[in-house]
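A.B. asks: Pasting the sequence and the predicted coordinates here, then a few questions.
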Amino acid sequence: MNRTLPIVVLGAGPKACSIWAKYKSLCDDGVALTPLTVIEKDRVAANWAGASGYTDGLQSLVSPSEQDIGFPYSNVAFGPDLSSRLTQRMFRYSWQNYLLSVGGYPEWVAQDRPRAPHYQFRDYLDWVARSSQMQPIKREIVQISVNDQDFWELRNSGSQDSTPASGLVITGNGKPRMLKGQPQQHARIFDGESFWPSRDQFDDVEFARIAVIGAGETAAAIACNILDHIENRANSVIELICKQYAYFTRAEVSKDLLYFSNPSTWSSLREGRRFSIMRRADRGVVSAGIKRRLEESDLVEYTTADAESITVTNSDELLLSLRYGGETEQVPYQYIIVATGFDSLWFFELFDERTKLRLVDCVIRQLTEPQKQELQMILEREPDSSSWLESLKRADARRFFERSMERLIDEDLSLRGFLPKLHVPMLAGLSQGPGFPNLNCLGLLSDRILKSYLI
């Protein structure tokens with residue numbers, strides 16, 4: 001590895017702030033590290049402010065605010081002496097220190113330590129960036145490749161200039177996942193990104209059946225927001241559609257949550273158990289207030305089903321294909337919001353074809369025999385696909401590839417067997433611990449990644 005080329009973190013959100021603050025703390029302690037660069041096309045934590053889609057900024061965090069960029073403050077990766085000093089240095093960037101700096105700490109304690117709304121969490125991350133002297137390079141990356149010397153090359157928009165890197169950390173959300181048949185744009189079909197800029201149109205909705213598909217925080221927050229708009233008229237219905245029966249609060253999955261901040265025994269669990277914990281304690285968890293509001297409203301119904309596809313008829317009727325067990329039904333709705341998550345492989349589309357093929361080859365070479373058989377069955381469903389890369393445009397093949405990558409994430413959150421290092425924390429939940437894709441152990445995430453770049 002070339003130690004003179006920087007590690008590049010793509011995106012300036014919570015993970016980037018954590019990695020930079022840990023990097024700064026290590027450097028302040030005299031530790032020699034590979035240089036670090038953060039690249040961001042907008043501003044620090046832009047997706048949390050409420051102006052970029054994804055949220056209105058008013059929704060509260062599901063996790064406690066104290067699970068900040070340094071949590072869980074163990075720092076054990078660097079030895080006992082350095083870990084103790086790192087904990088003190090990192091606490092300079094803690095949530096509590098932020099509140100002390102803006103004069104909000106006494107009020108926060110008096111209100112029983114409420115979860116921060118997204119806009120305030122964005123302000124906290126901006127404070128961390130300023131306090132730690134993080135200055136992201138403002139660029140939009142349009143292509144990523146691996147050159148002949150096995151370094152990353154990140155090409156900038158509007159020029160042929162590129163940024164070289166010895167390691168690449170991918171952060172941030174991709175585009176929302178879509179159902180089969182879902183149009184790219186429709187006046188009455190939304191997703192977890194497009195809903196928020198359009199939410200005020202529900203002020204005029206009457207006598208409508210509204211489908212909200214998904215079992216996580218995004219779906220629940222959208223349902224609550226729609227409820228704000230329609231509850232005074234009480235003539236419309238929100239139908240929450242998800243594969244599991246209900247949402248869970250953190251208190252209801254407290255035993256599982258221990259794995260989020262301390263995943264030391266995570267890998268000893270069988271894979272099915274790990275999937276179950278992630279589905280219930282991560283993707284199915286909402287705040288207690290949102291859960292209570294949805295359950296108490298007469299305008300909210302729950303349907304346990306698998307939403308498979310959307311059909312827009314010639315008369316502009318919206319039909320949602322729902323599978324209950326072995327049976328499928330076409331159900332009409334006036335509005336459909338698909339909030340089933342975001343594409344964790346979004347970065348793949350930035351790779352040039354050579355790098356895509358290299359990545360695919362790395363994953364396929366490490367498949368087990370049963371996994372190879374599963375892959376063959378997927379490819380045989382559409383044998384006319386011109387290439388494996390073409391097949392990845394299909395949801396089933398893409399999901400198989402994503403799941404295969406999840407099984408190959410090493411301790412430093414990089415893809416096993418791929419050089420230069422590609423760190424993908426949003427895919428690390430299954431192999432390394434359920435807290436890495438989200439906000440539950442940002443301090444541990446920065447430990448894992450930076451330990452690979454000690455000089």
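C.D. replies: Arrived safely, thanks for sending.

A.B. asks: those strands in the stretch 351-455 of the chain, which residues are they?
C.D. replies: Using DSSP state E, counting those that start in this stretch, the strands assigned to the stretch 351-455 of the chain run over residues 421-423.

A.B. asks: lowest-confidence helix or strand of this protein?
C.D. replies: Counting by mean pLDDT, DSSP states H and E, the chain has its least confident helix or strand at helix 388-391, which shows a mean of 77.

A.B. asks: which helices and strands does that one pack with?
C.D. replies: Using 3 or more Cβ pairs under 8 Å, 6 or more residues apart in numbering; DSSP states H and E as the contact criterion, the neighbours of helix 388-391 among helices and strands are helix 353-365, helix 369-380. For glycine as for every other residue, the C-beta is placed from the backbone atoms N, C-alpha and C.

A.B. asks: For the longest one, name the packing helices and strands.
C.D. replies: It stands for helix 353-365. Helix 353-365 packs on strand 141-146, helix 388-391, helix 395-406, going by 3+ Cβ pairs under 8 Å, 6+ apart.

A.B. asks: Quick one: residues in contact with that helix.
C.D. replies: Outside helix 353-365, the residues that touch it by Cβ atoms under 8 Å, 6 or more residues apart in numbering are 144-146, 348, 351, 372, 375, 388-389, 392, 401, 404-405, 408, 415, 417-418, 422.

A.B. asks: Buried among those residues? Make that a ChimeraX selection.
C.D. replies: Here is the ChimeraX command that selects the buried residues among those (16 or more other Cβ atoms under 10 Å):
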select :144,145,146,348,351,375,388,392,401,404,405,408,415,418,422
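
A.B. asks: where does residue 52 fall, phi/psi-wise?
C.D. replies: Per-residue torsions, residue 52: phi -120, psi 20 (degrees, to the nearest 10).

A.B. asks: doesn't residue 46 make contact with it?
C.D. replies: Yes - distance between residue 52 and residue 46: 5.2 Å, which falls inside the contact criterion (Cβ atoms under 8 Å).

A.B. asks: State the three-state secondary structure for the residue sitting furthest away from the middle of the chain.
C.D. replies: For the chain, the residue at maximal distance from the C-alpha centroid (Cα atoms, centre = their mean) is residue 315, at 36.5 Å. With DSSP: H, G, I helix; E, B strand; the rest coil as the basis, the three-state label of residue 315 is coil.

A.B. asks: show me where pLDDT drops low in the stretch 151-300 of the chain?
C.D. replies: For the stretch 151-300 of the chain, the stretches flagged by pLDDT under 70 are 245-246, 250, 283-284.

A.B. asks: quick one, strands of it?
C.D. replies: So, for the stretch 151-300 of the chain - with DSSP E, counting those that start in this stretch - the strands run 152-156, 162-165, 167-170, 189-191, 209-213, 237-242, 300-304.

A.B. asks: what's near enough to touch residue 446?
C.D. replies: The contact partners of residue 446, by Cβ under 8 Å, 6+ apart, come to 15, 18-19, 21-23, 69.

A.B. asks: Swap in 7 Å and give it another go.
C.D. replies: For residue 446, the contacting residues are 18-19, 22, by Cβ atoms under 7 Å, 6 or more residues apart in numbering.

A.B. asks: so which of those residues is the most crowded?
C.D. replies: Greatest neighbour count in the contacts of residue 446, by other Cβ atoms under 10 Å, goes to residue 18: 31 neighbours.

A.B. asks: where does that residue land in three-state SS?
C.D. replies: The assignment at residue 18 comes out as helix when based on three-state DSSP.

A.B. asks: ok, for residue 199, nearest residue in space, not its chain neighbours?
C.D. replies: residue 225 (5.6 Å; Cβ to Cβ, 6 or more residues apart in numbering).

A.B. asks: re the thing from before, can I get the contacts of residue 446 in a markdown table with pLDDT and distance to residue 396?
C.D. replies: Listed next are the contacts of residue 446 as a markdown table, based on pLDDT from 0 to 100; distance: Cβ to Cβ, whole Å:
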| residue | pLDDT | distance to residue 396 |
| --- | --- | --- |
| 18 | 98 | 34 |
| 19 | 98 | 34 |
| 22 | 97 | 38 |
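
A.B. asks: out of these, who's nearest residue 39?
C.D. replies: Of all the contacts of residue 446, residue 39 sits closest to residue 19, with 12.6 Å by Cβ to Cβ.

A.B. asks: The closest one is in contact with residue 8, isn't it?
C.D. replies: No - with contacts defined as Cβ atoms under 7 Å, residue 19 does not count as touching residue 8, sitting 10.8 Å away.

A.B. asks: And for residue 133, the neighbour number?
C.D. replies: Should you count by other Cβ under 10 Å, residue 133 turns out to have 9 residues around it.

A.B. asks: So it lies in a helix, does it not?
C.D. replies: No - according to three-state DSSP, the state of residue 133 is coil, so it is not within a helix.

A.B. asks: List the contacts of stretch 102-119.
C.D. replies: 48-50, 55, 57-61, 64-65, 96, 99, 124, 287.

A.B. asks: from these, which would you call buried?
C.D. replies: 48-50, 55, 57, 59-61, 64-65, 99, 124, 287.

A.B. asks: and of these, the nearest to residue 338?
C.D. replies: Ranking those by separation from residue 338, with Cβ to Cβ as the measure, puts residue 55 on top at 16.4 Å.

A.B. asks: element containing the closest one?
C.D. replies: Counting by DSSP states H and E, there is no helix or strand that carries residue 55.

A.B. asks: residue contacts, it?
C.D. replies: The contact partners of residue 55, by Cβ under 7 Å, 6+ apart, come to 48, 118, 196.

A.B. asks: As CSV, those residues with distance to residue 294 would be great.
C.D. replies: Formatted as CSV, the contacts of residue 55 follow (distance: Cβ to Cβ, whole Å):
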residue, distance to residue 294
48, 23
118, 19
196, 18
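
A.B. asks: And the residues you listed, which is closest to residue 448?
C.D. replies: Taking Cβ to Cβ as the measure, residue 448 sits nearest to residue 48 out of these, at 23.2 Å.

A.B. asks: I figured the closest one was touching residue 123, is that so?
C.D. replies: No - with contact taken as Cβ under 7 Å, residue 48 and residue 123 are classed as non-touching, separated by 9.0 Å.

A.B. asks: just to revisit the earlier point, and the strands of the stretch 151-300 of the chain as TSV, adding distance to residue 176?
C.D. replies: As requested, the strands of the stretch 151-300 of the chain are exported to TSV (distance: least, Cβ to Cβ, whole Å):
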stretch	distance to residue 176
strand 152-156	24
strand 162-165	28
strand 167-170	17
strand 189-191	4
strand 209-213	11
strand 237-242	16
strand 300-304	20
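
A.B. asks: Thanks again, I'm all set now.
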